[in-house]
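Asker: only the shape, not the letters, is given here:
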Ligand code: ATP
Ligand code: MG
């Protein structure tokens, strides 16, 4: 700000940064706005990174990045999702007027022509401070017009309400309910990004409920909207949608656990028959994959969530042998166990049960014991490898070799003591002969 002021420009912190600071939170990012044009800014900050597409100049100081944007007004939005024209504006007031919500339309700083003092002041033309104090998300200007310009603002309203623990003001909410169908114009990527931010809120069901009540859910996640009204014999008077909301709230606050909780029963509406949900885990993992692809969720997140949905119905019995525990670990994948048990605990809470059922604790502990003992679980853990088998048995690389290795894995998972070179080579020979005979 000092550098901007010394160069004769206005310097303001703006938007979410001001909002978060007033709330006593560390802002997620520092946004500044000024009358300086991008060219002028690059002269003031030669080391800055320039994002041409958005006209944003990013300056890094002491490991913190500050994004400086020239005052602008945006017009157009024929497609409900991006401005046709981004125009520079003459005043801070115009810049604040194009922002989405009153709590996001405040600036703090100084104008260049304020002589003498070093005192910065708050610029708050839409009384964002009052709404912030009252915990209200309210559109700047006419909500219908603002949501027609950019449908993403509806999702931002819901996300902000959930993550800040605020409510959406009545006429703003009514406008979202009217404009919800426009959310169909949004790219899956933008929807997915907002959804993921909403889901990591302290109480994500606040956002889910708002999505449902506004009609946004049926547009952006129709698969999930189908859960309303599906019976669930878990908590009296509650349906499957209620169960999902409770489960999401109980899941740890990360993208993978929360997405898995939202989607864990996504296969139930499609499989519901005679009071049962046959194979809803299998069907659900397929639907989850389709949803996550549409939302452009990062590949690793997508893959883990799909696997969690697929395996969430495991039913552990204390009578399981250690070998059964090892087979379970191999089936699920050691990397997924913690998330899977967390999902089960959340699912239990969502069903009106305690989070720490002894059974879940027990399978968690037994899996931990097996992993701590470093038991063989896959090909890489075998005391022999493909080359050994090729040498000893005169095999060629190919499908048969792979099948033999897999059988060896099955055997050592059953009995880790078998994981010894001579025993495995003998076993491989027997398997080889056996495959030949058939
Ligand atoms: P976060 O805490 O997630 O960063 P934020 O409100 O700061 O929330 P940003 O995406 O960083 O969100 O946007 C910065 C500011 O830009 C907002 O506070 C708001 O003033 C404005 N803004 C962002 N997106 C829009 C939009 N779609 N329409 C209008 N104004 C927007
Ligand atoms: Mg921000």
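Answerer: Arrived safely. All figures in this text were calculated on a predicted structure; none of them were measured in a lab. Ligands and ions are numbered 1, 2, ... in the order given.

Asker: all the strands of the stretch 151-300 of the chain, in order from the start?
Answerer: Remark: strands assigned in the stretch 151-300 of the chain by DSSP state E, counting those that start in this stretch are 167-168, 272-273, 276-277.

Asker: so what strands line up beside the second one?
Answerer: So that's strand 272-273. Strand 272-273 pairs in its sheet with strand 276-277 (antiparallel), by DSSP bridges.

Asker: swap in the first one?
Answerer: Strand 167-168 has the following strand partners under DSSP bridges: strand 136-137 (parallel).

Asker: state the mean pLDDT of the partner strand.
Answerer: Average pLDDT, strand 136-137: 98.

Asker: ramachandran angles for the residue of the stretch 201-350 of the chain found nearest ligand 1?
Answerer: Nearest residue of the stretch 201-350 of the chain to ligand 1, counting by Cβ to the nearest ligand atom: residue 201, 11.0 Å away. (C-beta placed from N, C-alpha, C; glycine too.) When read as degrees, to the nearest 10, the backbone of residue 201 gives phi -60, psi 160.

Asker: state the distance from it to residue 266.
Answerer: For residue 201, the distance to residue 266 equals 20 Å [Cβ to Cβ, to the nearest Å].

Asker: what's the answer for residue 289, then?
Answerer: 10 Å.

Asker: domains for the protein, by residue range?
Answerer: 2-134, 138-220, 231-375, 379-437 (automatic domain parsing).

Asker: pick out the shakiest of these, pLDDT-wise.
Answerer: Among the domains of the chain, domain 2-134 scores lowest, with a mean of 89.

Asker: now the terminal residues of it, how far apart.
Answerer: End-to-end distance for domain 2-134, by Cα to Cα, to the nearest Å: 33 Å.

Asker: for the spatially closest residue to residue 218 that is not a sequence neighbour, give me its contacts.
Answerer: Residue nearest to residue 218 in three dimensions, not counting chain neighbours: residue 225, with 4.2 Å by Cβ to Cβ, 6 or more residues apart in numbering. By Cβ atoms under 8 Å, 6 or more residues apart in numbering, the contact list for residue 225 reads 212, 217-218.

Asker: what's around residue 60, how many residues?
Answerer: Look at residue 60: counted by other Cβ atoms under 10 Å, it has 12 neighbours.

Asker: against which helices or strands is the helix or strand containing it packed?
Answerer: Per DSSP states H and E: residue 60 is located in strand 56-61. Contacts defined by 3 or more Cβ pairs under 8 Å, 6 or more residues apart in numbering; DSSP states H and E place strand 56-61 against helix 38-44, strand 49-51, strand 64-70.

Asker: rerun at 6 Å
Answerer: Contact here means 3 or more Cβ pairs under 6 Å, 6 or more residues apart in numbering; DSSP states H and E; on that basis strand 56-61 packs against strand 64-70.

Asker: distance from the chain centre to stretch 262-278, please.
Answerer: 23 Å (Cα atoms, centre = their mean, to the nearest Å).

Asker: mind checking which helix or strand residue 113 is in?
Answerer: Using DSSP H and E, residue 113 falls outside every helix and strand.

Asker: look up how far ligand 1 lies from the residue lying closest to residue 378 once chain neighbours are set aside.
Answerer: Spatially, and ignoring its direct neighbours in sequence, residue 378 is nearest to residue 409 (6.1 Å; Cβ to Cβ, 6+ apart). Distance of residue 409 to ligand 1, computed by Cβ to the nearest ligand atom, to the nearest Å: 46 Å.
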